[in-house]
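[1] the following comprises the amino acid sequence and a computationally predicted model.
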Amino acid sequence: MSVSGGTMILVTALVRLIAGDRLPRRGYVALWTAAILRLLLPLQIASPVSFYGFLAGTAVPVERLGAIAVGETPAGLPIWTVLWLAGAAVTGIAFAVSYLRCIRAFRTGTPLESQFVDEWLAKNAHGRQVAVRALPGLHTPLTYGLLHPVILLPEEAESWDGERLGMVLCHEFTHIRRWDGALKKLAVVALCLHWCNPAAWLMVALLDRDIELACDGAVVEHFGSNSRGQYARLLIDLRAPQRDSPLVTGFGQNVTERRVLGVMRHRRAGKMAVAVSAVLVVSVIGVFATSAERDPSMGYQLENANNPKDTITVPEQSAKRADDPADSDSPAIDVTVFRLEEASQLSFDALPDALSRSDGKEVIFVPTHSAEKVAYVVTCIPAALQGGAAQ
């Protein structure tokens, strides 16, 4: 998951670098969303155009060789698992503490008394329960909360003119309408789970920039191209001196020369740009977010004798016996389950005696997710598996 998700992140960053402002920013956000889901969901969707199918020819031998092993499973957790769990816990606690500290401070805000805000919400909220509050000492507007979102403004927002206040509300409500807060939280969860993958940290940084650029574009399109200069000055005036928690969306967070230039260069995307962006998003997801299709000629699922839910893959030729005249040239495997005694008690000490009664067949011990082990007895090992399985 980390390797395939990291590949998706690097490809998205490369596409973003090459295409730049020529494609709508929401297309990049869609690619980041696919990368986040690839990091979080242990699901594999097979595709005939998958990058991993072209890379490995077939994914079955590459993915399954590691599942066939000789020897006993270690009694305790591997050291790498312990280190990964410790890193995930430390990263998760750090983000959680930062977020809770921010939320505790945000909740001290008071409702903003403004007729313009009340009228704006009545016209644009579309039934969503959105609260607008003012917080003394706040430098830049921001939004937090998912089910009951709150737009938090600086205390001096009460004296802002309608156009400035409207731009800020439009920006923040775009975050709410697109559920950007939920997406950023999922990205942080993925980062905590894949904290040792540098690509995950790159993803969080670039996702935040593209989300803000996409909302900036929505504001410019809403107020017209003549508003670009005023909106860019507003970004500079309300930029945050320091970043808050990455789990909230802030108007003036991440204000760089790149973001200001993005506002000044923004043009409403034409139909051709939207179509190209859609094709690009679908193509990148189809190639890099999917797994290779399993070749039916390479394998089928063999059930674990102790637990039918646990399976391994062996070549499909094993379904035929070696003396089958219909296919005498293909390497055949006679697969039987060797049960000397209870599999949980089967060990290397019993291996010599087991081999002496196995009629020359090879014994492969397959560790399962539990303490049980199963020995599969085969007559021969095909060339596709000889390198790793024979060892």
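    Looks like it came in fine.
[2] now Thr110, what are its backbone angles?
    phi -120, psi 150 (degrees, to the nearest 10).
[3] same question for the one 4 residues further on.
    Backbone geometry at Ser114, expressed as degrees, to the nearest 10, gives phi -150, psi 120.
[4] just Pro111 next, same as before
    Main-chain dihedrals, Pro111, degrees, to the nearest 10: phi -60, psi 140.
[5] got the contact list for it?
    For Pro111, the contact set (Cβ atoms under 8 Å, 6 or more residues apart in numbering) comprises Ala131, Val132, Arg133, Ala134. No exception for glycine: its C-beta is placed from N, CA and C like everyone else's.
[6] how about the strands in the stretch 101-250 of the chain?
    Taking DSSP state E, counting those that start in this stretch to define them, one finds strands in the stretch 101-250 of the chain at 110-111, 131-135, 142-144, 150-154, 249-250.
[7] reformat the ones you listed as JSON lines; add mean pLDDT.
    Output for the strands of the stretch 101-250 of the chain, formatted as JSON lines (pLDDT from 0 to 100):
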{"stretch": "strand 110-111", "mean pLDDT": "89"}
{"stretch": "strand 131-135", "mean pLDDT": "92"}
{"stretch": "strand 142-144", "mean pLDDT": "91"}
{"stretch": "strand 150-154", "mean pLDDT": "92"}
{"stretch": "strand 249-250", "mean pLDDT": "70"}
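[8] these into CSV, with extra columns for distance to Tyr99?
    Below are those laid out as CSV (distance: least, Cβ to Cβ, whole Å):
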stretch, distance to Tyr99
strand 110-111, 22
strand 131-135, 16
strand 142-144, 9
strand 150-154, 14
strand 249-250, 13
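[9] looking at those, which one is packed in the most?
    Each of those was scored by mean neighbour count; the highest is strand 249-250, a mean of 27, by mean count of other Cβ atoms under 10 Å.
[10] what's the first helix or strand after it?
    helix 257-265 (DSSP states H and E).
[11] that following helix - contacts with which helices or strands?
    Here helix 257-265 is seen to pack against helix 198-223, helix 228-237 when contacts are counted using 3 or more Cβ pairs under 8 Å, 6 or more residues apart in numbering; DSSP states H and E.
[12] now for the shortest one, which elements pack on it?
    What it means is helix 228-237. Checked by 3+ Cβ pairs under 8 Å, 6+ apart, helix 228-237 has helix 162-177, helix 198-223, helix 257-265 packed alongside it.
[13] quick one: which of the ones you listed is nearest His139?
    helix 162-177 (12.8 Å; Cβ to Cβ).
[14] which outside residues touch the closest one?
    Contacts of helix 162-177 (Cβ under 8 Å, 6+ apart): 114, 116-117, 120, 124-125, 128, 130, 132, 141-143, 149, 151, 153, 157, 160, 180-181, 211, 214-216, 218-219, 222-223, 227, 230-231, 234, 238, 249, 251.
[15] any idea of the mean pLDDT in that helix?
    In this model, helix 162-177 has an average pLDDT of 92.
[16] picking that back up, quick one, which of the contacts of helix 162-177 are buried?
    114, 117, 120, 130, 132, 141-143, 149, 151, 153, 157, 160, 180-181, 211, 214-216, 218-219, 223, 227, 231, 234, 238, 249, 251 (16 or more other Cβ atoms under 10 Å).
[17] turn the helices and strands packed on helix 228-237 into TSV, columns for distance to Arg22.
    What follows is the helices and strands packed on helix 228-237, written out as TSV (distance: least, Cβ to Cβ, whole Å):
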stretch	distance to Arg22
helix 162-177	21
helix 198-223	13
helix 257-265	10
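[18] out of the ones you listed, which comes closest to Trp32?
    helix 198-223 (4.5 Å).
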